[in-house]
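> Here you go, sequence then predicted model.
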Amino acid sequence: MHMIWSDDLNTGIAEIDAENQKIVHYLNALSDAHESGDSAVLGTTLDNLLDYAVNHFLFEEHLMAEANYKYRASHEAIHEMFAKKLADLRGRHSAGEDVHQALTSMLRDWVNIHIRQEDQKYADAVGQTIEKEGGQSWISGVVKKLFG
């Protein structure tokens, strides 16, 4: 069953919201790949999801650092754990194991718990920094600095 993004998941930071919506896209793509029985598409989607997560976390963590978000270390630890679990599931999939249920459950929990609760906690601090530092031009500079 596909997941649909809802407005209560938004942080109010357009770039973060757009990035977070990609997780729902990947979750739905994984569901489609599983339903079609296409293991190669599932593997490619897992690779893309892992790459996305690492880059998204880098961006989000940089914003939290710039905002001096006081719970940044614990938020980053959660990111690290998620990325390790994704890598583990990717390895298990490569070894031929059916990881669809575990992966789907993990991603749904991520959306419903991490995005809905944890990401909301830093949004005010980061939003205030964005306003103080010049808004969209500052965000664009951060993206360029991190990703070229």
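Sure thing, it's come through.

> Could you tell me how many residues sit around Glu131?
Using other Cβ atoms under 10 Å, Glu131 is surrounded by 10 other residues. No exception for glycine: its C-beta is placed from N, CA and C like everyone else's.

> same question, Asp88
Other residues lying near Asp88 total 12 when counted by other Cβ under 10 Å.

> do the same with His93
Residues lying near His93 (other Cβ under 10 Å) number 20.

> now the one 10 residues further on
Counted with other Cβ under 10 Å, residues neighbouring Leu103 total 25.

> pretty sure it contacts Leu30?
Yes - under the criterion of Cβ atoms under 8 Å, Leu103 makes contact with Leu30 at 6.2 Å.

> what residues do the two have in common as contacts?
Leu46 (Cβ atoms under 8 Å, 6 or more residues apart in numbering).

> Output the lowest mean pLDDT helix or strand found in the protein.
When the helices and strands of the chain are compared on mean pLDDT, DSSP states H and E, helix 136-147 comes out lowest with a mean of 76.
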